[in-house]
Each structure stands twice: as C-alpha cells, then as structure tokens.
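Undergrad: Build me a model from this:
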Amino acid sequence: MDIGTIILAISLIIIMFGMGLSLVKNDFIRLFQNPKAIIIGLLNQIILLPIIAFVLISIFNVGTDIAIGVMILAACPGGPTSNLITHLAKGDTGLSISLTTANSLITIFTIPFVVDFALTQFLDVDDMVQINKLQTIIQIFAIVIIPVSLGMALKSARPTFADKMNQPVKIASGAVLFLVITGLVLKKKEDLIPYLKQAGLITLALNITTMLVGLGTAKIAKLNLAQSLTISIESGIQNGTMAIAIASGILMNDNYAIAPAVYSLIMFFTGGIIIAFGIKTLGSKQANEHK
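TA: This next block holds a predicted model:
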C-alpha cells in the first residue's frame with residue numbers, strides 16, 4: 001500500500017468522523033418520521049443513480065477506465081459535502097443528514113455488487129478482476145461506520161467539544177481531499193488532458209441528470225420545495241473521496257479514480273449554482289415567513 005492510498009484512507013476516515021460529530025439520535029428517529037421523503041431519496045441514490053450512470057456510459061461510449069470509475073462513483077453514497085450544500089442552499093438539512101446516514105449504511109453492502117457488475121461488464125476476460133465482496137464490505141465498514149460511530153460517541157459524551165471540533169475537522173478533510181486530487185492529477189499529468197476530455201462531459205452529465213431526476217421524482221411525490229431541493233442535491237453530490245479510495249485503495253487502480261476526481265471538482269461548481277438558486281427561492285420564502 002503506497003503513501004497516497006494511506007493518506008486517502010485517512011482523509012475518508014476524517015471526513016466520516018466529522019460526519020459523526022454532526023449526528024445525533026434524532027437523525028435516526030427522523031428516518032421513520034418522514035418515510036416518504038427518505039424512500040424517494042434512497043430510490044434515487046441506491047437504484048436510479050447506478051442505472052443512470054450505466055445509460056450515460058452507453059451514450060458517451062467512454063473508455064473502460066472511465067466507465068468503471070463512473071460506476072464506482074454511482075455506487076457511493078452522498079457525502080458530507082451534500083449536507084453542507086443543502087444547508088447553504090436553505091434546503092432541509094435534517095433530511096439531508098438522515099439520507100446521507102441511511103445511504104452510507106446501505107451502500108456498505110451494495111457497493112461491492114455494483115463494482116463487481118462494472119468490472120464484469122467493462123473488462124475483457126483477460127483483464128478480469130475478482131473482488132472479495134465480504135472483504136470489501138469489511139474494508140468499507142472500517143473506514144465509514146467506525147469513524148462515524150466514534151464521532152457520534154464524542155458528540156454524545158462531549159457535545160460542546162464536538163461542536164468546536166466540527167468545523168476544523170471539515171476544513172481538514174477538505175484540505176486533505178484537495179491534496180489527494182492534486183496528487184492524483186500530478187501522478188497522471190501526462191494523461192490529464194485526454195482523461196479530462198473523456199471524463200469531463202460524462203461526469204458533468206451524471207451530476208446534472210441525477211440532480212434533475214432527483215428534483216423530478218420529489219415533485220412527483222409532492223414533496224415541498226426544501227425537501228425536493230435536498231433530494232436533488234443528495235442525488236447529484238456523491239462521496240468522491242470514497243469512490244477514489246475504492247478505486248485506488250481496494251481495486252489498486254488509479255485510472256479508475258480519474259472520473260471520481262474530475263466529478264469531485266465539477267460538483268463544487270454545480271453545487272454553487274444550486275446554492276444560489278436555493279438562496280434566491282427558499283431564502284426569500286423563509287424570510288417572508290418570518291416577517
């Protein structure tokens with residue numbers, strides 16, 4: 001295991017620990033109090049997202065490495081970034097945190113099967129890689145559930161200290177993610193432009209399509225605007241760090257990490273647009289309600 005993979009694993013552990021610092025028991029109770037919104041959100045993230053990714057791969061006719069990277073990304077849950085964007089966009093932050101929590105738990109078991117499907121579908125017989133599903137589940141459990149649980153335990157035992165730690169941990173995780181992506185770019189600098197040409201369009205299409213589908217399904221379910229916007233964000237903002245960790249750390253192939261790395265950059269730009277939209281629509285609406 002090289003130093004980059006170790007740094008990436010540490011980055012993901014920090015991110016998930018930070019997520020745990022923001023979770024309380026009510027976030028899990030909310031899963032049962034607002035089942036319709038949760039079900040619609042999970043439908044988008046667990047089922048529709050991988051299907052949309054597979055369809056887009058067929059349409060864009062991308063190379064094997066990009067195709068597998070996109071499927072790995074689509075298998076991953078929404079990350080803490082989606083919670084932050086939802087909060088800034090004036091969406092339903094409680095729903096966002098609940099969806100991220102539920103999705104993170106479920107995808108521990110679904111990721112190995114989606115990744116195995118991608119490898120079987122896109123690799124030639126000679127290049128075939130078999131993943132140990134149980135081992136993969138255990139690895140993801142170790143870098144997701146354990147740090148989240150530790151963060152929650154600290155939040156419960158020392159709430160004031162946890163609140164003080166929350167922001168620095170988010171900043172640290174963001175900084176480490178930036179370093180990881182920068183390192184990946186430098187490592188692949190000769191292939192960077194071709195990869196950007198290959199991965200840029202499909203990852204942008206995946207991001208925008210999943211956001212629009214999320215918004216559409218929420219509207220069909222007659223959810224309010226704040227909930228609909230939240231589901232849109234949760235559907236389109238994936239945990240790129242986890243996808244890169246799976247590609248580089250578990251599958252040991254940095255080429256599979258290119259699409260998630262490109263996506264991680266793109267989602268901040270589209271996230272900014274969503275934030276601006278949310279502030280303009282929901283922000284003014286909330287301001288009028290408080291008058």
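
Undergrad: From here on, just use CA atoms for contacts and neighbour counts.
TA: Fine.

Undergrad: Going by secondary structure, Thr110 is in what exactly?
TA: helix 93-122 (DSSP states H and E).

Undergrad: Heading C-terminal from that helix, find the next helix or strand.
TA: helix 133-157.

Undergrad: in that next one, what's buried?
TA: 133, 136-137, 140-141, 143-155 (16 or more other C-alpha atoms under 10 Å).

Undergrad: about what we covered before: which other helices and strands does the helix holding Thr110 contact?
TA: helix 25-33, helix 35-42, helix 64-75, helix 80-88, helix 133-157, helix 225-236 (3 or more C-alpha pairs under 8 Å, 6 or more residues apart in numbering; DSSP states H and E).

Undergrad: Figure out which of those helices is closest to Val115.
TA: Among these, the nearest to Val115 by C-alpha to C-alpha is helix 64-75 (5.8 Å).

Undergrad: tell me the angle of that closest one relative to helix 225-236?
TA: Angle of helix 64-75 versus helix 225-236, following axes from the mean of the first three to the mean of the last three C-alpha atoms, to 10 degrees, is 150 degrees.

Undergrad: For helix 64-75, which helices and strands make contact with it?
TA: helix 49-60, helix 93-122, helix 192-220, helix 240-245, helix 258-278.

Undergrad: Run through the residues that contact Asn166.
TA: Neighbour list for Asn166: 18, 21-22 [criterion: C-alpha atoms under 8 Å, 6 or more residues apart in numbering].

Undergrad: change it to 6 Å
TA: By C-alpha atoms under 6 Å, 6 or more residues apart in numbering, Asn166 lies in contact with Gly18.

Undergrad: distance of it from Val115?
TA: Separation of Asn166 from Val115 (C-alpha to C-alpha, to the nearest Å) stands at 32 Å.

Undergrad: Surely Ala226 is in contact with Asp92?
TA: Yes. Taking contacts as C-alpha atoms under 6 Å, Ala226 lies within contact range of Asp92: 5.4 Å.

Undergrad: Can you list phi and psi of the closest residue to Gln227 other than its chain neighbours for me?
TA: Using C-alpha to C-alpha, 6 or more residues apart in numbering and skipping the chain neighbours, the partner closest in space to Gln227 is Asp92 (5.6 Å). Per-residue torsions, Asp92: phi -90, psi 90 (degrees, to the nearest 10).

Undergrad: any weak-confidence spans in the stretch 51-200 of the chain?
TA: 125-132, 170, 173-174, 176-178, 180-192 (pLDDT under 70).

Undergrad: at 80 instead, please
TA: The model of the stretch 51-200 of the chain has pLDDT under 80 over residues 78-81, 83-84, 87, 93-94, 97, 124-145, 148, 162-163, 165-198.

Undergrad: From Cys76, how far off is Ile140?
TA: Ile140 is 11 Å from Cys76, by C-alpha to C-alpha.

Undergrad: got it, and Lys197?
TA: For Lys197, the distance to Cys76 - C-alpha to C-alpha - is 23 Å.

Undergrad: more crowded one of the two?
TA: Cys76 (28 against 11; other C-alpha atoms under 10 Å).

Undergrad: hang on, the earlier thing: now the angle from the helix holding Thr110 to helix 133-157?
TA: Using the same axes, to 10 degrees, helix 93-122 lies at 170 degrees relative to helix 133-157.

Undergrad: So which bits of helix 93-122 are buried?
TA: 93-105, 107-112, 114-116, 118-120.

Undergrad: Show the backbone phi and psi for Gln238.
TA: Dihedral angles (degrees, to the nearest 10) for Gln238: phi -100, psi 160.

Undergrad: Return the distance of it relative to Thr210.
TA: Shown here: Gln238 relative to Thr210, a distance of 10 Å by C-alpha to C-alpha.

Undergrad: what's the answer for Lys133, then?
TA: Lys133 sits at a distance of 27 Å from Thr210 (criterion: C-alpha to C-alpha).

Undergrad: same deal with Ile47?
TA: For Ile47, the distance to Thr210 (C-alpha to C-alpha) stands at 11 Å.

Undergrad: Those two: who's more crowded?
TA: A direct count of neighbours by other C-alpha under 10 Å for Ile47 and Thr210 places Thr210 higher, at 26 against 13.

Undergrad: got the contact list for the more buried one?
TA: 235-236.

Undergrad: Recalculate using a threshold of 7 Å.
TA: Applying C-alpha atoms under 7 Å, 6 or more residues apart in numbering to Thr210 gives the contacts 49, 235-236.

Undergrad: Right, I'll leave it there.
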